[in-house]
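Trainee: model this:
(2 chains)
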Amino acid sequence: GAGVSQSPSNKVTEKGKDVELRCDPISGHTALYWYRQSLGQGLEFLIYFQGNSAPDKSGLPSDRFSAERTGGSVSTLTIQRTQQEDSAVYLCASHYQASAGELFFGEGSRLTVL
Amino acid sequence: GENVEQHPSTLSVQEGDSAVIKCTYSDSASNYFPWYKQELGKGPQLIIDIRSNVGEKKDQRIAVTLNKTAKHFSLHITETQPEDSAVYFCAAGHTDKLIFGTGTRLQVFP
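Mentor: Residues are numbered from 1 along each chain as shown, chains lettered A, B, ... in the order given. Model (predicted):
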């Protein structure tokens, strides 16, 4: 497919477990973003990558959250020792150039922490 | 820190009427102002954007206006249709980072 692909689409986990969310951006897009959308809320910026480096990690809520990107392509967002307040939809988006422009979003990974 | 405020949070209109959503931003360095539409279960999609060198942009039934002095921008949808029902997000940014508003749920009643 030509769009941004995220997996899993749904994840239910128990409090205290670790989870990994994956994002496969559009081929050739150098910039990749993670946002969090809590129920009925806006899009909360988490982190963005330019290539494999993350110039801005300011949105990560705590040190339980980390992200990496390899090969300038796939990115993984990891949440350790999940808490109930981590329940949300995690959206990934990619962008083809280094300046501000259209973000192409995936459909998100819905995380539920019981 | 950077902040984008969006109003109203919900908006209900009759089909054919106009809808207006307003946003304000705090970072004076912002020079890019997109609007996204999010339908249920989908990721947001860009519907229109404006850069700081223009004050208004139109695309068929939608238009965006920007007032850089006052740091606010607005989305206008004319002749609304039921398929316009969705959540709309404004955003403001520069370089690579976009900060989004909290969203407006628009309902268009037939």
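Trainee: from now on I want contacts and neighbour counts done on CA atoms only, so please keep to that.
Mentor: Will do.
Trainee: quick one: least confident helix or strand in chain B?
Mentor: Across the helices and strands of chain B, mean confidence by mean pLDDT, DSSP states H and E is lowest for strand B:97-100: a mean of 88.
Trainee: packing partners for it?
Mentor: Applying 3 or more CA pairs under 8 Å, 6 or more residues apart in numbering or on different chains; DSSP states H and E, one finds that strand B:97-100 contacts strand A:43-50, strand B:86-94.
Trainee: at 7 Å instead, please
Mentor: Counting contacts by 3 or more CA pairs under 7 Å, 6 or more residues apart in numbering or on different chains; DSSP states H and E, strand B:97-100 is packed against strand B:86-94.
Trainee: how about the strand it packs on and chain A, touching?
Mentor: Yes: residues of strand B:86-94 contacting chain A under CA under 7 Å from any CA of the partner chain: B:93-94.
Trainee: sheet partners, orientation included, of that strand?
Mentor: strand B:32-38 (antiparallel), strand B:97-100 (antiparallel), strand B:104-109 (antiparallel) (DSSP bridges).
Trainee: spell out which parts of chain B neighbour chain A.
Mentor: Residues of chain B lying near chain A (CA under 7 Å from any CA): B:32, B:41-46, B:93-97, B:99-103.
Trainee: so how do I select the buried members of those residues in PyMOL?
Mentor: Selection of the buried residues among these in PyMOL, burial being defined by 16 or more other CA atoms under 10 Å in any protein chain shown:
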select buried, chain B and resi 32+43+44+45+46+93+94+96+97+99+100+101+102+103
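Trainee: for chain B, what's its nearest residue on chain A.
Mentor: Nearest residue of chain A to chain B: A:Gly42, at 3.8 Å (CA to the nearest CA).
Trainee: please name the nearest non-neighbouring residue to that residue.
Mentor: B:Thr102 (3.8 Å; CA to CA, 6 or more residues apart in numbering or on different chains).
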